[in-house]
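J.: here's my sequence, what's the structure:
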Amino acid sequence: MALDREQQLEAFRRMLRIRLFEEALIAHNPVGHLSIGHEGAIVGACMALRDDDYVTGTHRSHGHPIGKGAEIGPLMAEIFGKRTGICKGLGGSMHLTDTKMGLICESAIVGGGFPLATGAGLSAQVRGTDQASLCFFGDGATNQGTFGESINMAAVWKLPVVYFCENNGYAVTTPVSMSHGQPDIARRADGFGIPGITVDGQDVEAVHAVTADAVMRARRGEGPTLIEARTYRFDEHSNRLAIPIEYRSQEEIDHYRNERDPVALYRAILIQRDLLADIEAIEAEVRETIDAAVTFAKESPEPETSDLWDNMYANPIGLDRAMEGQS
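T.: Model (predicted):
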């Protein structure tokens, strides 16, 4: 299923939003695990989903709600820890949630999203809807027990789940070749009797095509698919994290930054399709959106102590009053 002209421009808009959103975080100092370099994989996958389809994210998940179409201002405010944030400033960088856009949660626990996405798929199946559930995860998460347990259950029950691996080649500093008995992650699908597909994660349209096929397969009741999108993390494991060892060469980093940048690659393709004027308009629009989001975040209030009690399942009797008395 090819993207039409408007979808192509929307894909570029969302990729650029992710890039400039995270560059703003670098400039204004909030810490977090950045998705720069992953934009093609994220947006290609999300553009294959409907608003009511489910998504679970990871610790590296700023891009997932943006790729799904969430508002930028509340996302920025959340990472700045402000009360206007999408989780009222109480979730932070690794726990962005926007149920209006189907984003169930992001899990800071490596491999924590597998059972959640699988459960969302089971829910859709039991309720008789045609919703799909997409689980983002990294290459390191495939060595967690939840990977095999969840995919096996989804395969047996033919749940409408797409397991989407953003394979950037490294679990923090450990390369896939040193930590996986089968480094071709898509081939693990064979063990569960489901399709396994490898795609160039820097090619947004290629990612969209394979994900759209997997989503349609899920909607038809034919069960889950495992997609491995090969991508690359341009920056360190997390923003301003000091890594005392050299685990990848500068030559490798420069190659991806200069030759395999998904935003630059797609921009060049759209120019070849005579869409330069549209691209320049989108670039101006996105810069304005990100600047407005930073201003919104900076000027927003901090959370109140009372917000702690409003967002708990159970309120320890008297503890709120004791805390307020100390403030």
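
J.: Three-state assignment for the closest residue to residue 304 other than its chain neighbours, please.
T.: Leaving aside its sequence neighbours, residue 304 sits nearest to residue 83 (C-beta to C-beta, 6 or more residues apart in numbering; 7.1 Å). C-beta here means a position set from N, CA and C on the backbone, and glycine is covered the same way. Using DSSP: H, G, I helix; E, B strand; the rest coil, the structure places residue 83 in coil.

J.: count the neighbours of residue 83 for me.
T.: Neighbourhood size, residue 83 [other C-beta atoms under 10 Å]: 15.

J.: can you offset everything so residue one is 388?
T.: With the count now opening at 388, the last piece we talked about shows up as residue 470.

J.: what does the pLDDT read for it?
T.: What the model reports as pLDDT for residue 470 is 95.

J.: for it, give me its contacts.
T.: 464, 476, 687, 688, 689, 690, 691, 694 (C-beta atoms under 8 Å, 6 or more residues apart in numbering).

J.: rerun that using 10 Å as the cut-off
T.: 464, 476, 477, 687, 688, 689, 690, 691, 694 (C-beta atoms under 10 Å, 6 or more residues apart in numbering).

J.: tell me how far residue 585 lies from residue 618.
T.: From residue 585 across to residue 618, the span is 12 Å (C-beta to C-beta, to the nearest Å).

J.: of the two, which one has the most company?
T.: When neighbours are counted by other C-beta under 10 Å, residue 585 and residue 618 differ, and residue 618 comes out ahead with 29 against 17.

J.: setting the sequence-adjacent residues aside, check what's closest to that one.
T.: Excluding its sequence neighbours, the residue lying closest to residue 618 (C-beta to C-beta, 6+ apart) is residue 588, at 3.3 Å.

J.: quick one: neighbours of the nearest residue to residue 450 once chain neighbours are set aside, just the number.
T.: Leaving aside its sequence neighbours, residue 450 sits nearest to residue 422 (C-beta to C-beta, 6+ apart; 3.7 Å). Using other C-beta under 10 Å, the number of residues around residue 422 comes to 27.

J.: from residue 488, how far off is residue 391?
T.: 21 Å.

J.: which of those two has more neighbours?
T.: Set residue 391 next to residue 488 and count neighbours by other C-beta under 10 Å: residue 488 wins out with 22 against 9.

J.: how much space is there between that one and residue 478?
T.: 15 Å.

J.: swap in residue 457?
T.: Counting by C-beta to C-beta, the gap from residue 457 to residue 478 is 13 Å.

J.: can you list residues touching both of the two?
T.: Residues touching both residue 457 and residue 478 (C-beta under 10 Å, 6+ apart) are residue 484.

J.: what residue lies at the spatial centre of this protein?
T.: The structure's the chain has its C-alpha centroid closest to residue 451; by C-alpha atoms, centre = their mean the separation is 2.9 Å.

J.: isn't it right up against residue 441?
T.: No: using C-beta atoms under 10 Å, residue 451 is not in contact with residue 441; the gap is 11.5 Å.

J.: mutual contacts of those two, please.
T.: Common neighbours of residue 451 and residue 441 (C-beta under 10 Å, 6+ apart) are 488, 490, 521.

J.: need the phi and psi values for the last one.
T.: Going back to what we said before, that points to residue 521. Phi and psi for residue 521, reported as degrees, to the nearest 10, are phi -120, psi 130.

J.: just checking, it touches residue 614?
T.: Yes: using C-beta under 10 Å, residue 521 makes contact with residue 614 at a distance of 9.1 Å.

J.: thanks a lot, see you next time.
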